[in-house]
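**Q** sequence first, then the predicted structure, then my questions.
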Amino acid sequence: MINVTVWGENVHERTNEVVRKVYPSGMHTVIANGLSQDPDIETTTATLEQDEEHGLSEGLLDRTDVLTWWGHCAHGQVKDEIVARVKKRVLEGMGLIVLHSGHYSKIFKSLMGTTCSLCWREAGERERLWVCHPGHPIAQGLGKYFELPHTEMYGEPFAVPAPHEQIFISWFEGGEVFRSGLTYFRGNGRIFYFRPGHETYPVLYDENVQLVLRNAVKWASPAGSRWIDSCPNVPIDQAPEPITKQGEGLH
Ligand code: ZN
């Protein structure tokens, strides 16, 4: 089983009538339900105001193989100590899937090391997501492209580092394009940024979006053992090979 923790900010869904109508039980619930269609995926949800740790206890993160992250209006309310806790787990090998406006989350910006800014427009326009990498595990089961009939536009430049792989590129009705599916490796962890997920449209119910998320969870799930961070000194007598001529300048 792959243990997935679905983290949702869950603020718009409670405070904005339009969003509440689209996601009455929260966006995190819809994401979790989509992932649960795969019998190999076990989901837990966590939200910003669930408790003092935003639902992300050490114990839960310790059991989490892949964390999905959706946030928008309350990035600044996520405590730095929780961001550090999540980052440590990613570096150890936990997968991280960052959705849509999560591009501006503390955790994504910290792992990218850049501003992660982009341009945007809310006009309810059409988006066509072209598959750039048909052989990639995240793109399996899709055609050459899929479309979302009404969504928010995100456009380039997207201020992220060059990705390891680009899985999707989006075209929008208004003419902009955007690198909408990107993979990264940080430490022992795999990261996937996926653009869809605007809160006022039923994007997260879309079958193709849910398929990509299930594929991404499987791709990001850690394949091997954890990489626990340390920086050990290796004494001369423990070197794999004998060092017979030591140089000058030792302290
Ligand atoms: Zn949005």
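**A** On my side now, so go ahead. Numbers count the residues shown, from 1 in each chain.
**Q** for residue 139, see how far away the nearest residue to residue 195 once chain neighbours are set aside is.
**A** Nearest in space to residue 195, with sequence neighbours left out and distances taken as C-beta to C-beta, 6 or more residues apart in numbering, is residue 180 at 3.6 Å. For the C-beta atoms, the positions are set from N, CA and C on the backbone; glycine is no exception. Distance of residue 180 to residue 139, given as C-beta to C-beta, to the nearest Å: 12 Å.
**Q** now do the buried residues in stretch 10-18.
**A** By neighbour count on 16 or more other C-beta atoms under 10 Å, the buried set for stretch 10-18 is 10-13.
**Q** quick one, what contacts the residue in the stretch 101-250 of the chain positioned nearest to the ion?
**A** Each residue of the stretch 101-250 of the chain has a distance to the ion, by C-beta to the ion, and the smallest belongs to residue 198, at 3.6 Å. Under the criterion of C-beta atoms under 8 Å, 6 or more residues apart in numbering, the contact list for residue 198 reads 100-101, 151-152.
**Q** pick out the most distant pair among those residues.
**A** Pairwise distances across those (C-beta to C-beta) peak at 12.1 Å, for the pair 101 and 151.
**Q** pLDDT below threshold where in the chain?
**A** Per-residue confidence of the chain (counting by pLDDT under 70) places the weak regions at 251.
**Q** anything in stretch 16-27 near the ion?
**A** No - remark: stretch 16-27 sits outside contact range of the ion, by C-beta under 5 Å from the ion, the gap being at least 10.4 Å.
**Q** which element, helix or strand, includes the residue nearest to residue 118 when sequence neighbours are not counted?
**A** Ranked by C-beta to C-beta, 6+ apart and with sequence neighbours excluded, the top spatial neighbour of residue 118 is residue 158, at 4.7 Å. Using DSSP states H and E, residue 158 sits within no helix or strand.
**Q** part of a strand, is residue 6?
**A** Yes - assignment of residue 6 by DSSP: H, G, I helix; E, B strand; the rest coil places it within a strand.
**Q** who are the contact partners of the residue nearest to residue 118?
**A** With C-beta under 8 Å, 6+ apart, residue 158 has these contacts: 103, 116-118, 178-179.
**Q** show me the residues you listed that map onto strands.
**A** For those, membership in strands holds for 178-179, with DSSP state E as the criterion.
**Q** show the buried residues in the contacts of residue 158.
**A** With burial judged by 16+ other C-beta under 10 Å, the buried subset of the contacts of residue 158 is 103, 116, 118, 178-179.
**Q** quick one on the thing from earlier: between residue 101 and residue 151, which one's more packed in?
**A** The residue with more neighbours, out of residue 101 and residue 151 and counting by other C-beta atoms under 10 Å, is residue 151; that gives 26 against 22.
**Q** ok, that one touching residue 203?
**A** Yes - taking C-beta atoms under 8 Å as the definition, residue 151 is a contact partner of residue 203 at 5.9 Å.
**Q** residue 78 touches residue 53, doesn't it?
**A** No - taking C-beta under 8 Å as the contact criterion, residue 78 and residue 53 are not neighbours in contact, 10.5 Å apart.
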